[in-house]
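Engineer: A structural model of the following input is requested.
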Amino acid sequence: CQGGDLDLSLSATVPTATNYSTLLWSTSGDGAFDDATALTPIYTPGAADISAGTATLTLTANGNGSCAPATDDMVLSITPLPIANAGSDEGICVGDDLDLSISATLPTATNYSSLLWSTSGDGTFDDATVVTPIYTPGAADITAGTAILTLTANGNGTCSPATDDMSLSFIPGPTADLSGDVTTCSGSSTALTVNLTGTAPWVFVYNDGTTDITENINSSPYSIFVSPTVTTTFTPVSVEDALCTGTVSGSATVDITPAKEVAIRLESIVGIPGSLEKVPLRMIDYENQMTMQFTVAWDPNLLSYNGVSDINISNASIGNFGTTEVSNGFLTFSWNTASLADTTIVDSTAIFSIDFNMANTVSSDAYVTVDESATALTPIEIADENLCVANVTIRGGNIENQTVAQIISNDADNNICFGDPVLFTGLPGGHTNYTFYLNGADVQNGANSVYLNSTLVDQDSVNVIVTDAQGCSLPAQGIITTVNQITIT
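Structural biologist: Below you'll find the predicted structure:
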């Protein structure tokens, strides 16, 4: 066998020679004898012998006297040593098999009669006698974290077996745990948390109840922001890291609180032009809310702001109102509870009143409402302690214009002398018809809003009925004159 010496004394047929004077061994190769003149020397093959695989050894027996030498040859065959290479050390994911045919460095073996793979653990080979079998790890392998796989190449002839080892390590699969149970508002953004193990980057797949969604993740923990409009349970589906496929756990339920229904009602009242009128603002279904804001709007041509009164909500004062735009018909209100906790207001409770001066004119009714437009100075918002915004219904108010006619005279105290001309004027002006009455009798009828009389006597009563374009009659309270008459005797 390659690497060994040939001891000719141990040959199957031991060399012999007779009738010789001397002996001499010679070689066709480059080996050496320990004593070329001995009958059974030891031969050490040279590199060329080994490379050639054979060498011819010749024994020459020199004769006695004049006898010619006698020679005989033997052929030495050199069997190459077996070589075993188990390939590169490998790592596989827990749960996977090792296919040695795809190792980074493939196992190889030469000059062998047979092969055998063995393991330090409890796994199995699909065929332990081939160069590149498939190894299925056992439970003890995975528990230990590694297994040593040994390739044995049995030699030809007398050559001893060659062995080589490789180390197989087991890489734990990644894990992904999803959490984030929360109660929140419809459409609000909330974060789900994924805690991961393994080697970045990860590919994490979760389901929102209808669709699988993929997240590419570079660090752990990782936040996923969702904004469901209905209660939704999010469940993990799968996870992979840079090396392996892993296992998932956990879930996250986002419980959506239904939006509350709240109404703001501005009361409708009856008002008289020129008077100070109070419009209460009331809350309906205001339950477990923490904050509110809105803008009250009116027609500044009909109503002028005269302040806020009857504030009836905790932790509120005039400082909660914005008055910079009241001349344009806008009053803002912003409020939240001092304790930042839920508050319930009894239905129809007036939380404050707005005081208005009505214009001193016959006109249409004057609206008072909450500005619902997107451009409101302070947009409508009522929210609970979770900042869930309520659906707000506005019930606008109205000041019904309870108009009355008036009659005035050019004499401030209506105390005149007999024969003085008195000019009576029906108000408001600009209407279709003015009917003046003297002591109940119709004395003037038409579009003229003034009436002149110079024949009044003491306690005469002058009145007017004003008729507008719609035919509505507005009676006035009459004027009774005091007439002073000089008596000559």
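Engineer: Please count neighbours and contacts with C-alpha atoms only from this point.
Structural biologist: OK.
Engineer: helices or strands next to the helix-or-strand element of the chain with minimal mean pLDDT in the packing?
Structural biologist: One helix or strand of the chain scores below all others by mean pLDDT, DSSP states H and E: strand 473-475, with a mean of 73. Helices and strands touching strand 473-475, by 3 or more C-alpha pairs under 8 Å, 6 or more residues apart in numbering; DSSP states H and E, are strand 461-467.
Engineer: Mind giving me the packing neighbours of the strand it packs on?
Structural biologist: Partner elements for strand 461-467 (3+ C-alpha pairs under 8 Å, 6+ apart): strand 406-409, strand 422-427, strand 433-438, strand 473-475, strand 479-480.
Engineer: could those strands go into JSON lines alongside distance to residue 96 and mean neighbour count?
Structural biologist: Listed next are the helices and strands packed on strand 461-467 as JSON lines, based on distance: least, C-alpha to C-alpha, whole Å; neighbours: other C-alpha atoms under 10 Å:
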{"stretch": "strand 406-409", "distance to residue 96": "102", "mean neighbour count": "20"}
{"stretch": "strand 422-427", "distance to residue 96": "101", "mean neighbour count": "20"}
{"stretch": "strand 433-438", "distance to residue 96": "103", "mean neighbour count": "22"}
{"stretch": "strand 473-475", "distance to residue 96": "98", "mean neighbour count": "17"}
{"stretch": "strand 479-480", "distance to residue 96": "110", "mean neighbour count": "18"}
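Engineer: who does the least confident helix or strand of the chain pair up with?
Structural biologist: If you go by DSSP bridges, strand 473-475 pairs up with strand 461-467 (antiparallel).
Engineer: where does the stretch 251-400 of the chain have low pLDDT?
Structural biologist: 272-274, 340-342, 360-364 (pLDDT under 70).
Engineer: go again using 80 as the cut-off
Structural biologist: 270-275, 338-342, 359-365, 386, 399-400 (pLDDT under 80).
Engineer: What strand or helix carries residue 316?
Structural biologist: If you go by DSSP states H and E, residue 316 is not part of any helix or strand.
Engineer: I'd assumed residue 335 was in contact with it.
Structural biologist: Yes: counting by C-alpha atoms under 8 Å, residue 316 touches residue 335, with 6.9 Å between them.
Engineer: quick check, distance from the least confident helix or strand of the chain to the centre of its chain.
Structural biologist: The gap between where strand 473-475 is centred and where its chain is centred comes out at 67 Å by C-alpha atoms, centre = their mean, to the nearest Å.
Engineer: who's in contact with residue 213?
Structural biologist: If you count contacts by C-alpha atoms under 8 Å, 6 or more residues apart in numbering, residue 213 has them with 205-207.
Engineer: mind listing which of these are in strands?
Structural biologist: 205-207 (DSSP state E).
Engineer: Specify which member of those is nearest to residue 38.
Structural biologist: Checking the ones in strands among the contacts of residue 213 against residue 38 by C-alpha to C-alpha gives residue 205 as the nearest, at 83.0 Å.
Engineer: In contact with residue 186, which residues are there?
Structural biologist: Contacts of residue 186 by C-alpha under 8 Å, 6+ apart are 227-230, 256-259, 388.
Engineer: Swap in 10 Å and give it another go.
Structural biologist: Shown in contact with residue 186 (C-alpha atoms under 10 Å, 6 or more residues apart in numbering): 227-231, 254-259, 388-389.
Engineer: Output these as a markdown table; include the columns neighbour count.
Structural biologist: Conversion of the contacts of residue 186 to a markdown table gives the following (neighbours: other C-alpha atoms under 10 Å):
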| residue | neighbour count |
| --- | --- |
| 227 | 16 |
| 228 | 19 |
| 229 | 17 |
| 230 | 14 |
| 231 | 15 |
| 254 | 24 |
| 255 | 18 |
| 256 | 20 |
| 257 | 15 |
| 258 | 16 |
| 259 | 15 |
| 388 | 22 |
| 389 | 22 |
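Engineer: Give me the subset of the residues you listed lying in strands.
Structural biologist: Counting by DSSP E, the part of the contacts of residue 186 found in strands is 254-257.
Engineer: Straight-line length of stretch 132-148, end to end?
Structural biologist: When the termini of stretch 132-148 are compared using C-alpha to C-alpha, to the nearest Å, they are 15 Å apart.
Engineer: I'd like the numbering to begin with 248 instead of 1 from here.
Structural biologist: Sure thing, new numbering starts at 248, so read that last one as stretch 379-395.
Engineer: Distance-wise, check residue 636 relative to residue 265.
Structural biologist: Residue 636 is 122 Å from residue 265, where distance means C-alpha to C-alpha.
Engineer: what distance separates the start and the end of stretch 431-441?
Structural biologist: OK, stretch 431-441 end separation, C-alpha to C-alpha: 19 Å.
Engineer: sorry, back to before: take the ones in strands among the contacts of residue 460 and lay them out in CSV including neighbour count.
Structural biologist: Shown next, in CSV, are these (neighbours: other C-alpha under 10 Å):
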residue, neighbour count
452, 18
453, 19
454, 16
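Engineer: Distance to residue 298 and pLDDT added to these, as a markdown table?
Structural biologist: Shown next, in a markdown table, are the ones in strands among the contacts of residue 460 (distance: C-alpha to C-alpha, whole Å; pLDDT from 0 to 100):
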| residue | distance to residue 298 | pLDDT |
| --- | --- | --- |
| 452 | 61 | 98 |
| 453 | 64 | 98 |
| 454 | 67 | 98 |
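Engineer: Of these, which is the nearest to residue 615?
Structural biologist: residue 454 (49.7 Å).
Engineer: Output the helices and strands packed on strand 708-714 in JSON lines; the columns should cover distance to residue 549.
Structural biologist: Below are the helices and strands packed on strand 708-714 laid out as JSON lines (distance: least, C-alpha to C-alpha, whole Å):
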{"stretch": "strand 653-656", "distance to residue 549": "19"}
{"stretch": "strand 669-674", "distance to residue 549": "18"}
{"stretch": "strand 680-685", "distance to residue 549": "24"}
{"stretch": "strand 720-722", "distance to residue 549": "19"}
{"stretch": "strand 726-727", "distance to residue 549": "28"}
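Engineer: among the ones you listed, which gets the worst mean confidence?
Structural biologist: Among these, strand 720-722 carries the lowest mean pLDDT, a mean of 73.
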